[in-house]
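A.B. asks: Please find the sequence and the predicted model below.
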Amino acid sequence: MTVQLDDVSVHFGRTCALEGLSLTVAAGETVALLGPSGSGKSTALKAVAGFVRPSIGRIRLAGQDVTDLPPAKRGIGVVVQQYALFPHLRVADNVAFGLRAARKPKAEVTRRVAEMLAMVGMTSYAKRFPRELSGGQQQRVAIARALAIQPKVLLLDEPLAALDAQLRADMLGELQKLRREVPDVAIIYVTHDQSEALALADRIAVMRDARLVDIAPAAQLYATP
Ligand code: ADP
Ligand code: ADP
């Protein structure tokens, strides 16, 4: 579904983390937010997720104003660094969490969890607790958890950051495959890595000092003159 940020500003006390961001991500489109640390990328993502409230501006999903809805009511899949796995739940139960919250039938939960764990190569870790996993493995489980609910909107904040080079390449491939297989999902992908943005995004939004400074199709933005 379409995601719209409509003139969104976020202030934390005297800090302006995001200044007047207007951005529409169409169903089926992937937009990368690219920019240096502190430029407001994560704040934009958290505003869409509902983890931070805009000081000004509105968030719309499929045209509906969701600015006042809590995160769980937005039906969004989120992978954010701070939203770590639930430490007291085993891997499979972490992945099942959103499905159970949505009261999916038990057989469907079991099947879907197995599919997701297989996708990220974590099947043999289903019974482990998050603390027994490496950072990269936890990140893979977080991706599986986000995708389990088949979200119409997927928000990814540096989802490959904790992974080694081989796994980064594998997960990048999985994300590209996901884009082909789930054609109507809108994806916002936060990264400071230009090559990741180019590999995944239809459009790249360049952020600097809390502002959007440029937005264009990936090819156009980095075409050599
Ligand atoms: P990025 O994701 O591009 O690294 P962020 O969106 O995390 O940037 O941060 C943008 C700015 O907002 C930074 O100056 C950061 O320190 C500030 N900021 C982010 N979250 C908070 C918060 N919860 N409280 C205070 N300042 C924050
Ligand atoms: P930062 O300052 O980098 O944002 P914090 O540890 O302060 O780091 O932030 C944790 C983030 O999680 C906050 O932005 C907070 O608003 C957000 N948050 C709060 N409740 C939830 C929730 N239920 N699920 C996910 N994120 C949440």
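C.D. replies: Done, it's in. Ligands and ions are numbered 1, 2, ... in the order given.
A.B. asks: The protein: strands as residue ranges?
C.D. replies: For the chain, applying DSSP state E gives strands covering 3-12, 15-25, 30-34, 56-61, 64-65, 76-79, 153-157, 186-191, 203-208, 211-217.
A.B. asks: Include mean neighbour count when you put these into a markdown table, please.
C.D. replies: C-betas here are computed from N, CA, C, even on glycine. Converted to a markdown table, those look like this (neighbours: other CB atoms under 10 Å):
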| stretch | mean neighbour count |
| --- | --- |
| strand 3-12 | 19 |
| strand 15-25 | 18 |
| strand 30-34 | 26 |
| strand 56-61 | 17 |
| strand 64-65 | 12 |
| strand 76-79 | 22 |
| strand 153-157 | 24 |
| strand 186-191 | 26 |
| strand 203-208 | 21 |
| strand 211-217 | 14 |
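A.B. asks: Among those strands, show the one with the smallest mean pLDDT.
C.D. replies: Ranked by mean pLDDT, these bottom out at strand 76-79, with a mean of 84.
A.B. asks: Need the per-residue pLDDT for the closest residue to ligand 2 within the chain.
C.D. replies: For the chain, the residue closest to ligand 2 is Phe51, as judged by CB to the nearest ligand atom, at 3.7 Å. Note on Phe51: pLDDT of 92.
A.B. asks: Excluding chain neighbours, what is closest to it?
C.D. replies: Among residues not flanking Phe51 along the chain, Pro71 sits closest, at 6.0 Å (CB to CB, 6 or more residues apart in numbering).
A.B. asks: cool, Glu108 as well?
C.D. replies: Using CB to CB, 6+ apart, the nearest residue to Glu108 is Leu99, at 7.2 Å.
A.B. asks: pull the longest helix from this protein.
C.D. replies: helix 165-181 (DSSP state H).
A.B. asks: so what secondary structure elements neighbour it?
C.D. replies: The helices and strands touching helix 165-181, judged by 3 or more CB pairs under 8 Å, 6 or more residues apart in numbering; DSSP states H and E, are helix 135-148, helix 194-200.
A.B. asks: which of the residues in it are buried?
C.D. replies: Using 16 or more other CB atoms under 10 Å as the test for burial, helix 165-181 gives 167-168, 170-172, 174-175, 178-179.
A.B. asks: Put together TSV for those residues, with pLDDT and distance to Ser55 on each row.
C.D. replies: Below are the buried residues of helix 165-181 laid out as TSV (pLDDT from 0 to 100; distance: CB to CB, whole Å):
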residue	pLDDT	distance to Ser55
Leu167	79	38
Arg168	84	35
Asp170	78	39
Met171	79	34
Leu172	86	35
Glu174	77	36
Leu175	82	32
Leu178	78	33
Arg179	80	33
